[in-house]
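S.K.: Following is a predicted model, sequence given first.
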Amino acid sequence: MSGARTAIVTVAYGHSTENLDYTFSSFALNRGIPLHAIILGRELPKRRIEGITYHLVEPVPDFSHPLREVYFRRMELIDRLDVDHALVVDSYDVLCLQPLPPFEKILGGSDVAACAEHLGARYLMGQGYTANFLNGGVFFWNIPASRDIRREIVERGRSHFRRKADDQYCINEVIQTKYYDRLRILPCQYNYRAYFNRKQSGWPTVDHLNGVLIYHNAPCIEQAKAWLKTSAPQPKAALPQLSKDSAPLDSNGMFLREIKQWQADEIIEPSWKFRMFRSVLSWRVVHGLLRLIWPLFVRLKIDHWLRRLPIG
């Protein structure tokens with residue numbers, strides 16, 4: 001594989017390989033930066049999108065599931081490209097809304113740059129806790145400088161399965177514990193996760209995408225694309241003016257104003273369903289019981305229903 005010194009890359013398998021114009025081709029608005037799609041499979045897709053360079057890579061069984069293989073191997077497969085800096089994005093739910101600054105500027109001298117997940121405060125193996133749990137769907141890499149970081153993340157994932165989408169555990173454990181001084185945490189406009197004109201418990205909802213560079217929310221991609229047909233994203237969102245107080249407030253006025261402020265949505269919390277299922281599944285007895293009766297669930301064909309519970 002060869003090309004320019006900067007690239008935008010996705011790794012894909014299955015359905016998304018035939019439909020890279022759904023979101024990935026939106027990055028073509030970054031003129032002069034080649035788009036590369038690395039396909040895990042036995043053959044290249046029959047439907048190929050103009051402007052995207054396709055590369056076929058043989059899948060390996062190391063990661064137990066093809067989606068998990070995509071999430072981990074994309075961090076090592078970018079070494080096969082002849083580039084110094086790369087943006088690596090999910091193949092089917094990440095939409096570029098505005099041209100991006102030069103990747104060197106985005107990285108700002110760091111080896112890796114990414115955004116925190118919409119619920120960024122998490123417990124973490126190693127460091128113990130982070131307020132900036134990184135989302136894995138949009139990552140900027142200095143390819144040669146980050147090779148040791150990426151190798152360690154991939155080997156950690158290869159050695160132990162936790163869940164099909166456990167790459168973010170490994171990414172954050174390794175980077176936040178050992179390499180935080182080589183990380184640049186980007187503003188959320190580079191990986192905007194809010195729901196757009198749609199309510200979802202446990203998630204933020206917004207009514208515009210002005211100021212957003214990269215939008216990343218699978219259930220709202222169609223709404224975002226429809227909005228783009230009638231609206232041009234503004235480089236920065238508009239900031240409304242606050243109403244001006246006619247005079248300093250007394251203690252009663254301050255108290256009433258503070259009460260009013262509490263009516264505004266400020267803190268985004270996980271949904272009650274998520275909290276409930278996570279709480280129940282944290283009991284060791286439940287895990288032990290599931291191990292005993294899971295074969296019965298599979299035989300009765302109700303395991304697929306249980307897999308859809310909101311525990312992720």
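M.R.: Received it, and whenever you're ready, just let me know what you need. Remember, predicted model here, so these are calculated numbers, not experimental data. Residues are numbered from 1 along each chain as shown.
S.K.: the helices in the protein, which residues?
M.R.: 66-77, 103-107, 147-159, 167-178, 221-230, 251-261, 272-281, 284-300, 303-307 (DSSP state H).
S.K.: To residue 188, which of these lies closest?
M.R.: Closest of the helices of the chain to residue 188 is helix 103-107, at 13.9 Å (criterion: C-beta to C-beta). (Each C-beta comes from the backbone N, C-alpha and C, glycine too.)
S.K.: Now do the contacts for the nearest residue to residue 90 once chain neighbours are set aside.
M.R.: In this structure, residue 90 finds its nearest non-sequential neighbour in residue 137, 4.3 Å apart by C-beta to C-beta, 6 or more residues apart in numbering. Contacts for residue 137 (C-beta atoms under 8 Å, 6 or more residues apart in numbering) come out as 89, 90, 93, 94, 191, 216.
S.K.: Recalculate using a threshold of 10 Å.
M.R.: By C-beta atoms under 10 Å, 6 or more residues apart in numbering, residue 137 lies in contact with 71, 88-91, 93-94, 114-115, 117, 167-168, 191, 193, 214, 216-218.
S.K.: Narrow those to those that are buried.
M.R.: 71, 88-91, 93-94, 114-115, 117, 167-168, 191, 193, 214, 216-217 (16 or more other C-beta atoms under 10 Å).
S.K.: quick one: the residue nearest the centre of the chain and residue 171, what's the gap?
M.R.: Among the residues of the chain, the one closest to the centroid is residue 137, at 3.1 Å (C-alpha atoms, centre = their mean). Remark: distance between residue 137 and residue 171 (C-beta to C-beta, to the nearest Å) = 11 Å.
S.K.: Report the set of residues contacting both of the two.
M.R.: 71, 114.
S.K.: okay, now residue 59: neighbour count?
M.R.: 15 (other C-beta atoms under 10 Å).
S.K.: which one is it nearest to, not counting chain neighbours?
M.R.: residue 40 (4.7 Å).
S.K.: what pLDDT does that neighbour get?
M.R.: On the pLDDT scale, residue 40 is placed at 97.
S.K.: show me the contacts for residue 106.
M.R.: 85, 87, 100, 113, 140, 184, 186, 190, 213.
S.K.: Among the residues you listed, which ones are in strands?
M.R.: 85, 87, 113, 140, 184, 186 (DSSP state E).
S.K.: Contact partners for residue 41?
M.R.: 12, 13, 14, 17, 56, 57, 58, 59, 66.
S.K.: List the contacts of residue 265.
M.R.: 204, 205.
S.K.: What of residue 93?
M.R.: So residue 93 contacts 16, 22, 23, 24, 137, 215, 216, 217, 218, 219, 220, 221 (C-beta under 10 Å, 6+ apart).
S.K.: And residue 165, by the same measure?
M.R.: 65, 67, 68, 71, 136, 312.
S.K.: How about the third one: what's its closest non-neighbour residue?
M.R.: Nearest in space to residue 68, with sequence neighbours left out and distances taken as C-beta to C-beta, 6+ apart, is residue 164 at 5.0 Å.
S.K.: what do you get for the first one?
M.R.: The spatial neighbour of residue 65 that comes closest, neighbours along the chain excluded (C-beta to C-beta, 6+ apart), is residue 164 at 5.0 Å.
S.K.: What distance do you get for that neighbour to residue 70?
M.R.: Using C-beta to C-beta, residue 164 is found at 10 Å from residue 70.
S.K.: joint contacts of those two?
M.R.: residue 63.
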